[in-house]
Every structure is written in C-alpha cells, then in structure tokens.
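**Student:** need a structure here:
(4 chains)
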2 protein chains.
Amino acid sequence: MARKSGKQKPATKPLRDAAGTRARILEAAKLRFCQRSYEQVGVREIAADANVDAALVNRYFGTKEELFAEISKGVFNAADFIEGPLSGVGEYLAQRVMSGPERVKEGANPFEFLLRSAASPTASPIIAARLHKDFVLKLAALIGGQQAATRAALIASYIIGFLTVRIALQSPAVLPAHADKVVALLGSAIQAAIDDPG
Amino acid sequence: MARKSGKQKPATKPLRDAAGTRARILEAAKLRFCQRSYEQVGVREIAADANVDAALVNRYFGTKEELFAEISKGVFNAADFIEGPLSGVGEYLAQRVMSGPERVKEGANPFEFLLRSAASPTASPIIAARLHKDFVLKLAALIGGQQAATRAALIASYIIGFLTVRIALQSPAVLPAHADKVVALLGSAIQAAIDDPG
DNA sequence: AATTCATGTCAACAGTCGTTGACTTATTGG
DNA sequence: CCAATAAGTCAACGACTGTTGACATGAATT
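**Tutor:** Numbering: from 1, shown residues only, chains lettered A, B, ... in the order given. Modelled structure (predicted):
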C-alpha cells in the first residue's frame, strides 16, 4: 500500500539528488541566517542541518558569501508585505511585525534575515543592495509622491529598529502584552510616511 | 621653558602608567566597538590602537566580554540626549541622529555602539540590559504617562532602525540631501511617542 | 644600593573557521 | 556488463581567534 508501483516516477527515490540536496542546503542556510549573523553561522552547521558534508556547500555555491548572496535574492518581497489599499497598511504592517517571531515557517521574515547580518562587513553590502532594490524602490513606487524612496526607507528603518529591539535585544518593554500601544504608535508612524504629501 | 620644574607633579611622565594605559585601552576599544561588531573587533587590534601588548588587555579586564561590559557602562546617558522641554525633543533627536556619523569624537554615539553588536549572542544581552536601564527607563520617567517604558522603547527602536539603515547599510535613500524630510517624519514619529496620552 | 612588586612583552596553546584536493560511491549511458 | 561521470565523503591546510603562563624591565621601598 505504501509502496507506489507507478512506472513513470521512480518508485525508489534516488539516494543522490543534486537539485534536492541543493534545495536542502539553501533552506537550512536561510533558517540559520535568520537566527544568527553571517559570521556566526558556520558551513559545517548548515551542512549538518541539511544532512550533507560541509564540503558540498562550497561545491554547490562556491563560497559562503556566494551562498549568502544566493539566499538574499529571494528573501525580500515587497508584494508579500503590502496588500490591499494603502490606507490601512501602517497598522497592518505593525501588527504583522509585532506578532512576528513565532512565525518562523517556510517564509522566514526578511527583516529578521536583514537585522542579523546588518553589521557584518561581508554581508551588509549584499543585504543593503537587496533592501534598496527589492523593498525600498518597490514600496516607493507603490506609495508615490515626492521623495518616495526616502519615505520608504524610513518605513524600513522603523521595522528594522523595532525588530532589533524586540527580537535581538528582547526588550521587556515591547512584550506582547503591550501590543496594542505598539501597533498604534508604530502603525501611525508608518502610515504617516505613506500618506506624507512630500 | 617647556620643562616643568615643579616638585609636586613629576616632570618626567612615567613610562609605566597603569591608569593611563588602562584608559587608553578603554578608549581604543570603545572606538572599535562603535565601528564593528563585538566578534569582529580583536583584542590584538585594540591593543595595537592603544600601543600595548594584547596580553595586557586580558590582564586589565579579564576577558574580552568583561572589557565590553565595562565600556557599555558609560555609553548610554539619557540626560545627554534629552534636554530642555519635551515639546521639541522629537525634532531635536531626529536632527542629532541624522547628522550623527561625522561626530565620532570622544563621545561615540551610544546607538552606534549598540547597533554594531545588537546581533551578537555574547554582546546583545549586555547591551540590552544597558539600553533598558540607562535609556528606556530613564526616558520613560521623563516623558511620563501610561506605558511610558513601551513608548520609550519605541523611540529607541526608531533611532536604532534609522541608524542601521543610514550607517550600517548606508542606504542611498537617506543621504544628507534628504535630511529635511527625514527629520520631519522621524521627528514627528518620536514626538508622537512622547506626547501620547497613554 | 638591593630587593620587591607592579607593569609590560613574548611565545605558544587550543580551538574554530572557510576552503580545497584526493578519494569513494552511486548513477547513467553505451 | 562495463566504463564514464556525477554526487558525496574524508582529511587536512592555513589563517585566524581569545587566552595564558613564563619571562623581562621599569619603578619604588627598605
């Protein structure tokens, strides 16, 4: 019953699947880079999570830096954050950011990925380019108006700062108990940057 | 003329001055920790800046972590940030943060020190405790009202996020050319957290 | 002046890191 | 069925790190 007898797809899954292991390495690395900084995530650690040898990581991606750059490509997705009319985006983003940490599923919060390695000399230029191209400019196009990129960057900075205080520093002043106040203030700050006439 | 002949103070400065070298190490370390993260600042590097041997650093401060903790004691000073009536604090802080990076003199921006090592597993608990005790709680006492600590932590998060985008990521969207817009939006966001009735 | 103690220097240990080359094993094509 | 190639493993290199103990040298006290 459990054994498939179909002829098209191989019944016995191949012990060696390049695309599969490559995907496993990518997934394991993404999770790790969302937890710790670029320097503090080791290739041996990533390899162990993906159940492969450490040498395979370099074999597939060249260097650790290239692996990081590969992951950063798919991390930011402005469309995933902005949906619906612009009027309620501030509160929506604030709520989503406030209730963030427990949602560590397949997606893996882009801003968590960012803030972990924002201070890394190797990783920060890579991250900065992604933030600008894949978030700031896209969000700027959505909100429009004068100096839209500057306003969009400010929105990104609000989110990054809050997640730094909440996740990295684990400040007791922004626990879930204070979610209402946080969402109200952070949400209106974001909304102010969106609605600003320029 | 140049040589002092007083008897009280030694005219020839001693080649070996424990307090002096200790201070030089502390100063050199503070500057380095404001530039890079805890892990990426080496004790040999600090020692070279202070013109001493690397072993002396451990001799004076025990471990690198204890040295970091020692520095973090004097970094935050809420009174240094908040001055005058509360009505103009938002814009004042925003302006100060916007024109920050070039002011790398003796003071060394506390938030620069913070954001560099916010993602370090070793340093972040130390920093988090200082931020809470020496900034959030003190600022909360100043602004008053309900949930003052939460509002103060939000103010800290705005500053941290902006400096992360501005200094660590060097975003082209928040260059000095856009200072007016940045100060207006960031300033009113901070002011909103201050004036909030609770 | 001689001894004692603080101050500074040197070399080395033990560990981790990214990376690489040689080797083994499985899969596929002829 | 055998050879060729892809996929995976293993061990090791070289460079770095924080830390420590033994040693040298300055200053200060008796």
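**Student:** show me which residues of chain A sit near DNA strand C.
**Tutor:** Within chain A, the positions adjacent to DNA strand C are A:14-16, A:39, A:41-45, A:54-55, A:57-59, A:62-65 by Cβ under 7 Å from any atom of the strand. (C-beta placed from N, C-alpha, C; glycine too.)
**Student:** show me those that map onto helices.
**Tutor:** Within the residues of chain A next to DNA strand C, residues falling in helices by DSSP state H are A:43, A:44, A:45, A:54, A:55, A:57, A:58, A:59, A:64, A:65.
**Student:** just the buried ones from those?
**Tutor:** A:43, A:57, A:64 (16 or more other Cβ atoms under 10 Å in any protein chain shown).
**Student:** so residue A:145, which of the three states?
**Tutor:** For residue A:145, the assignment made with DSSP: H, G, I helix; E, B strand; the rest coil gives coil.
**Student:** how about it, what does it touch?
**Tutor:** A:151, A:196, A:197, A:198 (Cβ atoms under 8 Å, 6 or more residues apart in numbering or on different chains).
**Student:** which SS state does the third one fall under?
**Tutor:** Looking back up the chat, that one is residue A:197. Using three-state DSSP, the structure places residue A:197 in coil.
**Student:** which residue is the nearest non-sequential neighbour of it?
**Tutor:** residue A:145 (6.3 Å; Cβ to Cβ, 6 or more residues apart in numbering or on different chains).
**Student:** got the phi/psi numbers for that neighbour?
**Tutor:** phi 80, psi -180 (degrees, to the nearest 10).
**Student:** if I look at it, how far off is residue A:182?
**Tutor:** Applying Cβ to Cβ, to the nearest Å, the value for residue A:145 to residue A:182 is 26 Å.
**Student:** likewise for residue A:130?
**Tutor:** Relative to residue A:182, and taking Cβ to Cβ, residue A:130 is found at 26 Å.
**Student:** still on that earlier bit, just put the buried ones among the ones in helices among the residues of chain A next to DNA strand C in JSON lines and tack on pLDDT.
**Tutor:** Output for these, formatted as JSON lines (pLDDT from 0 to 100):
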{"residue": "A:43", "pLDDT": "98"}
{"residue": "A:57", "pLDDT": "98"}
{"residue": "A:64", "pLDDT": "98"}
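**Student:** TSV for those residues, including distance to residue A:22?
**Tutor:** Below are these laid out as TSV (distance: Cβ to Cβ, whole Å):
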residue	distance to residue A:22
A:43	14
A:57	10
A:64	15
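**Student:** DNA strand D: which of those is nearest?
**Tutor:** residue A:57 (9.0 Å; Cβ to the nearest atom of the strand).
**Student:** got the contact list for the residue lying closest to the closest one once chain neighbours are set aside?
**Tutor:** Leaving aside its chain neighbours, residue A:57 sits nearest to residue A:43 (4.7 Å; criterion: Cβ to Cβ, 6+ apart). If a contact means Cβ under 8 Å, 6+ apart, then residue A:43 has A:54, A:57, A:58, A:64, A:67 as its contacts.
**Student:** from memory the first one sits against residue A:47, does it?
**Tutor:** Yes. Residue A:54 is within contact range of residue A:47, at 4.2 Å (criterion: Cβ atoms under 8 Å).
**Student:** host element of residue A:182?
**Tutor:** Following DSSP states H and E, one finds residue A:182 within helix A:179-195.
**Student:** and that helix, what does it pack against?
**Tutor:** With contacts taken as 3 or more Cβ pairs under 8 Å, 6 or more residues apart in numbering or on different chains; DSSP states H and E, helix A:179-195 sits against helix A:89-98, helix A:148-163, helix B:148-163, helix B:179-195.
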